[in-house]
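Visitor: Pasting a predicted model and its sequence here:
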Amino acid sequence: MLSLKSKYRTHTCGELNAANVGETVTLSGWVHRKRDHGSLLFVDLRDNYGVTQIVFDGGNEALEKVHPESVIQITGTVVARDADQVNDKITTGEIEIQAKEWRVLTASAPLPFQVFGDDDISEELRYKYRFLDLRREKLHKTILIRNKMMKWLRDKMWELGFSEFQTPILTADSPEGARCFLVPSRLHHGKFYALPQAPQMFKQLLQVSGFDRYFQIAPCFRDEDLRSDRLLEFYQLDLEMSFVDQRDVQAVGEAIMPDLVRAFAPDANVYPEIPHISFDDAMLKYGSDKPDLRNPILISDVSEIFRGSDFGIFANAVENGSVVRAVPAPNTADKPRSWFDKLGEYATKELELGGLGYIVFAEEAKGPVAKKLDAERIAKLREIAGDNSSLFFICDEEEKAAKAAGKLRNKLGADLGLVNPRDFAFCWVDNFPFFEPDEDRGGAPKFTHNPFSYPVIDSIEELSTRDPFTIKAAQFDMVLNGLEICSGGLRNYNPEIMKKCFDIAGYPIEAVEKNFSALYTAFQYGAPPHGGCAFGIDRLVSEITGFGDSVRDTVAFPANQRGQDLLMGSPNEVTEQQLRDVHIKIRAKN
RNA sequence: GGGGUGUUAGCUCAGCUGGUUUAGAGCGUCUGCCUGUCACGCAGAAGGUCGAGGGUUCGAGCCCCUUACAUCCCGCCA
């Protein structure tokens, strides 16, 4: 490594220890904290590498006036601390510097918020003074971990035999999916570039170009509303491979992800197995296409138990095509009535359900639902719930019931403390349906995932003969602790199959040729079967570091939830001349 | 586009059912004291258009309406 020594310092603030006692050293850094004892003054000096305590003997009025976060340089002697004065919270805690000389390199004004400590500060203020926020210990560390993870991932991909590519940032709008950010063209009147939602078409073109194994840590842009887990611009570890089957692509994820967690969260308990769960199973048992496997609760379908029962609401609903899903809550039989009432309120307000029925399985099965059911039905339900537990029922149209049950499962897992945050459970969700009904087009089929997916079929004839809704996609997600961290699949590289799929989804062949012309044309000239996936880096950093709930805390300069950068002032207005250059006139607001 | 929550000192917050002179606390800032602190301590001071506007009331930080901003969620993000 390059020496960190310079005219400003002989050492960093994180490296001196008992072995350096007696040396004369020069340090530069930020005034982290001052403790003024009159004729004795302590300064904690901080830089990227750590904190060192500096001691000033005798009165020092000039230094007393220096604000925290000023940058100073000090020269002094390393002295050992007495045993009872050692500070084991810092790496340099065995020693301190007896200051001889010091000077202010740059002074700091009084701060809008403290860098020292871990006070909660509003995001607005933090983003406005992001350079100060980034000095704060936790965020500073997270950003450094992110750096290391990027290198780790990059090294790993090279090790696995992938080649690294760059693809255009100024590209063309793609018609599917999210809105693209648009960039006006000066040279081409009335035309626009678009920022890539992902380098999807480029990476497929690189496969057609014969590069075999592609990867890139790629910035992605989607002009959609933000959430705490969605960034304005985010990064994916994007990869694509030729001559592979689905399991070959997944093998890459299995080779990378568990080791990544182990490398950056040493206290993590990584589950040894990465199970494959079908989409249908995930929706039934976990009520989600991204199940958190750390939560032991499993959802059951109990429609048949309620069919024909005296519990009229459910029995009638089941006759009319609804389903009943049961969510067990272990060891809750002794919970007070208020606990159940609160969950009922959650169900009606958050889950927008009509209500939340439940049975408590103590010695007897208790609750209003239980009274309406005969002994045989109760026995079946008790088997699902287990003794000393309660069982919640959600009755609705299938998809809504499944999702609501999934949310209840997550809430119960969290409320009952069933999920250990240092556990890391991966799984694959696969066998996604290829088409789903499009409500806007009277239930006609539309693509469920992206239109580049390959259908799971044995012959092209099946596309004409089978009910489209029974066709599965060679498409999968990797899920970590209930977060979708990767999505991928095999690509539709065959122009005939591609045409047929678009036809089923209601696109004329001209639309394929127009909207996907690059790929469609490329596929006319010999395309290798290929597939790939992309990992969401920001979410991975967030989950592995366990820092905060917001993925924004994994990025040095994030935009706020409204997509603004409060420090740089983006987005901002431009001059009339700049608008004229790109042939744009601002319309009145609708 | 819709919904929840919030907006009181530089920061983080408290402020009860509308009525105690001058709206409080901790941190920060400023002044003074302090030789072993490491969240130093002690004493004191400054600092407020209670987001903005309107209304109800004898009386509003508190109730109502409008509005701005923030944050979280739904829609959206294949």
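Guide: Nice, I can see it.
Visitor: When you work out contacts or count neighbours from here on, use the C-alpha atoms and nothing else.
Guide: Noted.
Visitor: And the longest helix along chain A, what's buried?
Guide: Across chain A, the longest stretch assigned as helix under DSSP state H is helix A:137-159. Neighbour-count burial for helix A:137-159, counted by 16 or more other Cα atoms under 10 Å, picks out A:L139, A:H140, A:K141, A:T142, A:I143, A:I145, A:R146, A:M149, A:M150, A:L153, A:R154, A:M157.
Visitor: And those residues, which is closest to A:V86?
Guide: A:V86 lies nearest to A:K141 out of the buried residues of helix A:137-159, by Cα to Cα, at 23.8 Å.
Visitor: I figured A:P558 hits A:L567, correct?
Guide: No. Counting by Cα atoms under 8 Å, A:P558 does not reach A:L567; the two are 9.9 Å apart.
Visitor: which stretches of the stretch 51-200 of chain A form helices?
Guide: Counting by DSSP state H, counting those that start in this stretch, the segments of the stretch 51-200 of chain A that form helices are A:61-64, A:123-128, A:130-133, A:137-159, A:200-208.
Visitor: can you list those helices in TSV and add mean pLDDT and distance to RNA strand B?
Guide: Output for the helices of the stretch 51-200 of chain A, formatted as TSV (pLDDT from 0 to 100; distance: least, Cα to the nearest atom of the strand, whole Å):
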stretch	mean pLDDT	distance to RNA strand B
helix A:61-64	87	8
helix A:123-128	92	5
helix A:130-133	94	12
helix A:137-159	96	13
helix A:200-208	96	6
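Visitor: for the ones you listed, which one sits closest to A:Y507?
Guide: Comparing those by Cα to Cα, helix A:200-208 comes nearest, at 18.7 Å.
Visitor: packing partners for that closest one?
Guide: Helices and strands touching helix A:200-208, by 3 or more Cα pairs under 8 Å, 6 or more residues apart in numbering; DSSP states H and E, are strand A:213-221, strand A:233-242, helix A:517-522.
Visitor: Which residues belonging to stretch A:446-461 are considered buried?
Guide: By neighbour count with 16+ other Cα under 10 Å, stretch A:446-461 contains the buried residues A:K446, A:F447, A:T448, A:H449, A:N450, A:P451, A:F452, A:S453, A:Y454, A:P455, A:V456.
Visitor: now swap in stretch A:59-66 and tell me
Guide: Buried, per 16+ other Cα under 10 Å, within stretch A:59-66: A:L63, A:V66.
Visitor: And the contacts of it?
Guide: A:D36, A:G38, A:S39, A:L40, A:L41, A:A107, A:S108 (Cα atoms under 8 Å, 6 or more residues apart in numbering).
Visitor: hang on, the last one packs against A:E69?
Guide: Looking back up the chat, that one is A:S108. Yes. Here A:S108 reaches A:E69: they are 5.7 Å apart, a contact under Cα under 8 Å.
Visitor: In terms of neighbours, single out the busier of these two.
Guide: Neighbour totals were compared for A:S108 and A:E69, and A:E69 leads with 24 against 14 (other Cα atoms under 10 Å).
Visitor: got a list of what that one touches?
Guide: A:E69 is in contact with A:W30, A:V31, A:H32, A:A107, A:S108, A:V115, counting by Cα under 8 Å, 6+ apart.
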